[in-house]
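Q: kindly generate the corresponding structure for this input.
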Amino acid sequence: MWKKFLKENLEMILIALAIVLPIRFFVMQPFVVHGSSMEPTYLPRDYIIVDEISYRFRAPERFEVVVFKAPNTTKQYYIKRIIGLPNEEVIIKDGKVTIITSDNQLIVLDEMFLPEGVMTNGSIDIKLGPDQYFLLGDNRFASYDSRHWGPISREAIIGRAWLRFDLFSDLNQ
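A: From the prediction side, this is the model:
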């Protein structure tokens, strides 16, 4: 009797693992936001699901929020917004972000996701390589981002922030 019970439970666990593990490692992954660099879009302790599969079929796009391996370490992950795309030039001057696209179009970014009155501090003029992205946090005054450590490679990007859950809303108050 107990052998049948053990066998059925073991089979159920193996089936669950066969379904859950591939999804967890290749399709989507949970993360918890730490720090205030993406406020007000993402708050500390927001729980997000990261879509890891989309970028296998298409390139990351401007203004998408991504989770990526932090520069100079493989043990930490950051969440930031894509501002500059491969082969573009990113210019930050006088509080504005300007992009010179790969086909030489000049774009002054209208960053509607930033709180009113927030400007991008710093002075940068950087040409991105064919596999590089320039990332900024939405909370420009409290973000450690590409203004400090430069562009990141495509291979460092884990995926795009897809779903957000505020699991700790009662604790944040």
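
Q: from here on, just use CA atoms for contacts and neighbour counts.
A: Will do.

Q: show me which residues of stretch 64-74 are buried.
A: Neighbour-count burial for stretch 64-74, counted by 16 or more other Cα atoms under 10 Å, picks out 65-71.

Q: same list (the residues you listed) but as a markdown table, adding pLDDT and distance to Val108.
A: Shown next, in a markdown table, are the buried residues of stretch 64-74 (pLDDT from 0 to 100; distance: Cα to Cα, whole Å):
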| residue | pLDDT | distance to Val108 |
| --- | --- | --- |
| Val65 | 97 | 19 |
| Val66 | 97 | 22 |
| Val67 | 95 | 25 |
| Phe68 | 95 | 26 |
| Lys69 | 93 | 28 |
| Ala70 | 90 | 27 |
| Pro71 | 89 | 27 |
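
Q: tell me which of those is nearest to Glu39?
A: The closest of these to Glu39 turns out to be Val65 (Cα to Cα; 12.2 Å).

Q: any buried residues in stretch 146-165, and which?
A: For stretch 146-165, a neighbour-count test (16+ other Cα under 10 Å) marks 146-147, 151-154, 156-161, 164 as buried.

Q: in CSV, list those residues along with pLDDT.
A: Shown next, in CSV, are the buried residues of stretch 146-165 (pLDDT from 0 to 100):
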residue, pLDDT
Ser146, 96
Arg147, 96
Pro151, 97
Ile152, 96
Ser153, 96
Arg154, 96
Ala156, 95
Ile157, 96
Ile158, 92
Gly159, 94
Arg160, 95
Ala161, 93
Arg164, 84
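
Q: output those as CSV; include the columns distance to Arg45 and secondary structure.
A: Formatted as CSV, the buried residues of stretch 146-165 follow (distance: Cα to Cα, whole Å; DSSP: H, G, I helix; E, B strand; the rest coil):
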residue, distance to Arg45, secondary structure
Ser146, 23, helix
Arg147, 24, helix
Pro151, 26, coil
Ile152, 24, strand
Ser153, 26, strand
Arg154, 26, helix
Ala156, 23, helix
Ile157, 21, strand
Ile158, 19, strand
Gly159, 19, strand
Arg160, 17, strand
Ala161, 14, strand
Arg164, 10, strand
